[in-house]
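Need a 3D model of the following:
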Amino acid sequence: MAIDYGSWPALPEISGLAPFSGVVEKRRGALLSLDRAEIADLMRRYFDPQIPFAELKAAGIGPVEDMAEFKASDARTRLLRGESFSEERLCRVVLYPFEVRWAYHTNFQPMWNRSRPELAARAFPGNGFVVMRLRSRRPEEGLPIFWTPLLPGDHLLDPNAHPLPVLADPDKANLSAAARAWLAALGLPDPDKDRDIAALPWHHALAIGYAPAWLAENADGIRQDWPRVPLPDNAALLRASAALGARVAALLDPDTPVPGVTVGAIQPALAVIAVPTKRGGGAMTEADRTLTAGWGHSGKGGAVMPGRGRIVSRDYAPDEAPVQAEAALLGARTHDVFLNADAYWRNIPETVWSFTIGGYQVLKKFLSYREQPLLGRALAPGEVR
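Sure thing, here's the model as predicted:
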């Protein structure tokens, strides 16, 4: 009997809340920064009534450019009347897969184009979001699901991201009546009283969403509608699947330590991937960490446009044998990806380089935002690592 993809529940059917949309800044990045201290300092000055708007505009501090229906001077005047600077409004936002920014997030209109207060209220410690999309633009969009414990942006997936939280509030699981009945039928405890139980369906969905067989066998359906997943018929299977999904969640969250990957004894194949290298050897200087290989540039309206960059494809070297042994997963060839004329990341296997989530080639997208003219500085050692 053939498996009927359409008979499986779509992710919104598991959720007790309707899908949200991600936050939208659309202030040319004026409310965002890679650095918490920087955005805090800028916004303190923006909120200082002693600093005239003209001075802020000349220095490019805060949202000072008119756009569409946003009138920058009027917006600041209203903001100063209704709100003051608060450290509590500093948070992190995920713009694209693995692309995290510090943000000054406020629901005071019209500072953000779409601040999504109901979504933001659920970005509390201990919660997390399964992020999906309704449909794809292209056949080859890669993985259609993402996970983050941070506030999701509207374009975290292309064309639009729709987050579903694990918890509706700190004491209530975000599960539909049907999902709750399914868990009860499996003999599992009340998900409102146990956060681990509340997370099981969502971690299971991640495990399915990152399974190559699910992607290959249901490609047409996945492209055209919300993702659908089969539900295990016993608690042991659910827990086993959710354990895989929890590992996927950890791998998708740069802040979560993953034994063998980011902490502890690193797996041999991973230890030789993406090694920061410079011609002639030696430690990288600040000049070596400057990204000038043409990975991105500023386009219309301040949008970042990807560039071709510089990449050299080659066979694995003898000292990269641990990676070559994993060639069925990582690819038969590897790449050196350049920061500039003299420095590069050595040995990025082809499937790592081409890895795509929600329509974005993750590494290429990441690099496009870090060209020196856009970033305004060299990469820090930690960013290179």
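
C-terminal to the host helix or strand of A236, what's the next element?
For A236, the host element (DSSP states H and E) is helix 235-252. Toward the C-terminal end, the helix or strand that comes next after helix 235-252 (DSSP H and E) is helix 268-271.

In that next one, which residues are buried?
For helix 268-271, burial by neighbour count (16 or more other Cβ atoms under 10 Å) applies to A269. All C-beta atoms are positioned from the backbone trio N, CA, C, and that covers glycine.

Could you identify the helix or strand that succeeds that helix?
Toward the C-terminus, helix 268-271 is succeeded by strand 275-278 as the next helix or strand (DSSP H and E).

residues of the helix holding A236 that come out buried?
Within helix 235-252, the residues that count as buried by 16+ other Cβ under 10 Å are L238, R239, S241, A242, L244, G245, A246, R247, V248, A249, A250, L252.

pLDDT added to those, as TSV?
Putting those into TSV (pLDDT from 0 to 100) gives the following:
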residue	pLDDT
L238	98
R239	98
S241	98
A242	98
L244	98
G245	98
A246	98
R247	97
V248	98
A249	98
A250	98
L252	97
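
can I get the CA coordinates of the host helix or strand of R101 in PDB?
Following DSSP H and E, the helix or strand that holds R101 is strand 99-104. Backbone C-alpha positions of strand 99-104 (Å, rounded to 0.1, in the frame of the first residue of the first chain) are rendered in PDB as follows:
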ATOM      1  CA  GLU A  99      22.500  34.700  10.600                       C
ATOM      2  CA  VAL A 100      21.800  36.300  14.000                       C
ATOM      3  CA  ARG A 101      21.600  40.000  14.900                       C
ATOM      4  CA  TRP A 102      21.200  41.900  18.100                       C
ATOM      5  CA  ALA A 103      18.100  44.100  17.800                       C
ATOM      6  CA  TYR A 104      16.300  46.800  19.600                       C
END
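
Sheet-wise, list the partners of it with their directions.
Taking DSSP bridges as the criterion, strand 99-104 pairs within the sheet with strand 32-33 (antiparallel), strand 90-96 (antiparallel).

Go ahead and confirm L291 touches L379.
Yes. Under the criterion of Cβ atoms under 8 Å, L291 lies in contact with L379, with a separation of 6.1 Å.

shared neighbours of the two, anything?
A shared contact of L291 and L379, defined by Cβ atoms under 8 Å, 6 or more residues apart in numbering, is any residue touching both; here these are L339, R370.

Compare these two (neighbour count), which wins?
Here L291 and L379 are compared on neighbour count by other Cβ atoms under 10 Å; more neighbours surround L291, at 26 against 20.

Look up how far N340 lies from the more buried one.
As defined by Cβ to Cβ, to the nearest Å, L291 lies at a distance of 7 Å from N340.

same question, R116
Using Cβ to Cβ, one obtains 38 Å as the distance from R116 to N340.

Then D255?
Relative to N340, D255 is positioned 29 Å away (Cβ to Cβ).

which of the two has more neighbours?
Using other Cβ under 10 Å as the criterion, D255 and N340 rank with N340 on top: 18 against 11.

quick one, what contacts P232?
Under the contact definition (Cβ under 8 Å, 6+ apart), the residues listed for P232 are L186, H204, L238, S241.

okay if I get the residues you listed as TSV plus distance to G331?
Converted to TSV, the contacts of P232 look like this (distance: Cβ to Cβ, whole Å):
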residue	distance to G331
L186	39
H204	29
L238	33
S241	27
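
Identify, from those residues, the entry nearest to M111.
Of all those, M111 sits closest to H204, with 37.8 Å by Cβ to Cβ.

State the number of residues packed around that closest one.
Other residues lying near H204 total 25 when counted by other Cβ under 10 Å.

ok, now which ones touch it?
With contacts defined as Cβ under 8 Å, 6+ apart, the neighbours of H204 are V229, L231, P232, L238, S241, A242, G245.

My guess is the last one contacts A211. True?
Pointing back at G245 there. No. Look at G245 against A211 with Cβ under 8 Å: they stay out of range, at 10.0 Å.

and M305, what element?
Assessed by DSSP H and E, M305 sits inside strand 304-306.

residues in contact with the most centrally placed residue in the chain?
In the chain, the C-alpha nearest the mean C-alpha coordinate belongs to P97, at 2.9 Å (Cα atoms, centre = their mean). When contacts are counted by Cβ under 8 Å, 6+ apart, P97 is found next to F146, L156, L157, L252, I357, G358, Y360, V362, K365.

Need the three-state assignment for the closest residue to P139 other than its chain neighbours.
Here the nearest residue to P139 in space, its sequence neighbours aside, is R223; by Cβ to Cβ, 6 or more residues apart in numbering that works out to 6.7 Å. The three-state label for R223, taken from DSSP: H, G, I helix; E, B strand; the rest coil, comes out as helix.

quick one: R223 and R133 touch, right?
No. Proximity of R223 to R133 does not meet the contact threshold set by Cβ under 8 Å, at 9.9 Å.

Quick check: which ranges of the stretch 151-300 of the chain have low pLDDT?
Judged against pLDDT under 70, the stretch 151-300 of the chain has no low-scoring part.

Could you give the average pLDDT over stretch 80-99?
Stretch 80-99 shows a mean pLDDT of 97.

Next, the buried residues of that stretch.
Taking 16+ other Cβ under 10 Å as the basis for neighbour counts, the residues of stretch 80-99 that come out buried are F85, R89, L90, C91, R92, V93, V94, L95, Y96, P97, F98, E99.

Can you report how many residues neighbour R308?
Tallying neighbours of R308 according to other Cβ under 10 Å, which is how burial is gauged here, yields 9.

can you pull the contacts of the nearest residue to it once chain neighbours are set aside?
Nearest-residue entry for R308: G294, 6.0 Å, with adjacent residues in sequence omitted and distances by Cβ to Cβ, 6+ apart. By Cβ under 8 Å, 6+ apart, the contact list for G294 reads G307, R308, G309, R310, E371.

Repeat that for A246.
Applying Cβ under 8 Å, 6+ apart to A246 gives the contacts A199, H203, L206.

Perfect, I'm done here.
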